[in-house]
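Asks: Sequence plus the predicted model coming up.
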Amino acid sequence: MTCLVTDRRRLVGADASAADAKRCLAMQVQFAVEAGVDLVQLRERDLEAGELAELARELLSVARGSHTRVVVNERLDVALACRADGVHLRGDSVAVSAVRRVAPDGFVVGRSIHAAEEAEAAAGADYLIAGTVFATPSKDGAHALIGLDGLRAIAQRAPAPVLAIGGIDAASVADVARSGAAGCAAIGLFMGPDRAGGDAKCRAVPLRALVDGLRARFDNGENRSLT
């Protein structure tokens, strides 16, 4: 399984306009759809509900009719209003069962998890995202790292497929797969290089080769998948 976590501000240069950032993000999601990415987690936490809903609808239109499902980070109200494919909950968010009571059939519910002891509280989720595994620019030093041992412990106890997140790159993905993860979620992994100072500000790039490589690592008949 693969999950692209969005961060439109990292996709573009610091001086890019809001419109350019939005266009770049839509391009990235189009590349993700073409590559067969399983999930896109819309995680633009600085946006108010109205702006987030507008962006969610645009990305849903890009993914419509494809294998890729779009889930909204934490904002269940926005996810339901936009008819998104699901919601991704923080580890300290509402219970999965509470979401199920108000969500339509087939609504995907994911949850973040940071320790094996949290696995039982995540019962009923369709997938879990476990981290932070390795150091990453998207998290400051205050966030504890679980490492491969922590990831392995979570995967062994989790009631749903586990996606690893945090500092995962081409060099570490094999170890992550061997730890029992069903796949990975990432921000920077799905971006092109930062061309600081160049004219090309958008880091959205074709993702098929990357996703095919990830699938070869994780889809080995042993790791669980999102059904």
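Replies: Right, received. Where do you want to start?

Asks: Tell me where this structure is predicted with low confidence.
Replies: 139-143, 195-200, 220-227 (pLDDT under 70).

Asks: Longest helix in it, please.
Replies: Determined from DSSP state H, the single longest helix within the chain is helix 18-35.

Asks: by contact count, what packs against the helix or strand just after it?
Replies: Next helix or strand after helix 18-35 toward the C-terminus (DSSP states H and E): strand 39-42. When contacts are defined as 3 or more Cβ pairs under 8 Å, 6 or more residues apart in numbering; DSSP states H and E, strand 39-42 sits against strand 2-5, helix 49-63, strand 69-73, strand 108-113. C-betas here are computed from N, CA, C, even on glycine.

Asks: what does the longest helix of the chain rub up against?
Replies: 4, 6, 8-9, 11-12, 16, 40, 55, 58-59, 62-63, 66-68, 70, 190-191, 201-208, 210-212 (Cβ atoms under 8 Å, 6 or more residues apart in numbering).

Asks: what's near enough to touch L189?
Replies: Applying Cβ under 8 Å, 6+ apart, the residues near L189 are I168, D169, L210.

Asks: Check the spacing between the first one and R100 real quick.
Replies: The gap separating I168 from R100 is 30 Å, by Cβ to Cβ, to the nearest Å.

Asks: Compare neighbour counts for those two and give me the winner.
Replies: Comparing I168 with R100 by other Cβ atoms under 10 Å, the one with more neighbours is I168, at 23 against 13.

Asks: Isn't that one up against S138?
Replies: No - when contacts are counted by Cβ atoms under 8 Å, I168 is not listed as touching S138 (11.5 Å).
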